[in-house]
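1. Could you work out the structure for the sequence below:
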Amino acid sequence: MNKAILKKSKGKYMASIPQTEITEAMRELSNGAYKLLMYYYSRNDGWVFNDDNIATAINSSARQVKKFRKELIDSSYLLIQRGQVDVYFIGKLAVAQFLTSSYSEPEAVPKQPLLGYTA
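-> Residues are numbered from 1 along each chain as shown. Below you'll find the model as predicted:
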């Protein structure tokens, strides 16, 4: 399996996370950042992230949640696209796929020579 999949069953969402992502995250992240990553994975689409609620859920503080989020971003496990509604890309594969699709090179456009005046 190469991506995380959310499944809805009996009113609950379940995340299926690639095994390699789980084991790599355990090695690469602090315990708090790992807990935050798993918490993000456990939420369904359309969920609004609130640092105070997250802190309560992972037995931490809102300040620590910000620190853990920065660690996830720095380690490429999380990308937040800011806008009218913030979009969270969770997991290394999701981040990589978004970055690849966002920054693909446009087709080369031939440049016109600059016209200048000489004195």
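
2. neighbours of R63, just the number please.
-> Other residues lying near R63 total 10 when counted by other CB atoms under 10 Å. For the C-beta atoms, the positions are set from N, CA and C on the backbone; glycine is no exception.

3. A33 too?
-> A33 has 24 nearby residues by other CB under 10 Å.

4. by contact count, what packs against the helix or strand it falls within?
-> Using DSSP states H and E, A33 sits in helix 31-42. In terms of contacts (3 or more CB pairs under 8 Å, 6 or more residues apart in numbering; DSSP states H and E), helix 31-42 is packed against strand 12-16, helix 19-28, helix 51-57, helix 62-74, strand 87-90.

5. Adding mean pLDDT and distance to N44, write the ones you listed out as TSV.
-> Below are the helices and strands packed on helix 31-42 laid out as TSV (pLDDT from 0 to 100; distance: least, CB to CB, whole Å):
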stretch	mean pLDDT	distance to N44
strand 12-16	62	4
helix 19-28	90	19
helix 51-57	94	14
helix 62-74	96	19
strand 87-90	83	12
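
6. Of all these, which one is nearest Y34?
-> Among the helices and strands packed on helix 31-42, helix 19-28 comes nearest to Y34, with 5.6 Å by CB to CB.

7. so what secondary structure elements neighbour the closest one?
-> Using 3+ CB pairs under 8 Å, 6+ apart: helix 19-28 touches helix 31-42, helix 92-102.

8. Of those, flag the one that's most buried.
-> Of all these, helix 31-42 has the most neighbours on average by mean count of other CB atoms under 10 Å, namely a mean of 19.

9. so which of the helices and strands packed on helix 19-28 comes closest to P18?
-> Closest among the helices and strands packed on helix 19-28, once you apply CB to CB, is helix 92-102, at 7.1 Å.

10. Please identify which of the helices and strands packed on helix 31-42 is closest to Y40.
-> By CB to CB (comparing all of those), the closest turns out to be strand 87-90, at 4.7 Å.

11. Give the partner strands of that closest one in its sheet and their orientations.
-> Looking at strand 87-90 with DSSP bridges, its partner strands are strand 78-81 (antiparallel).
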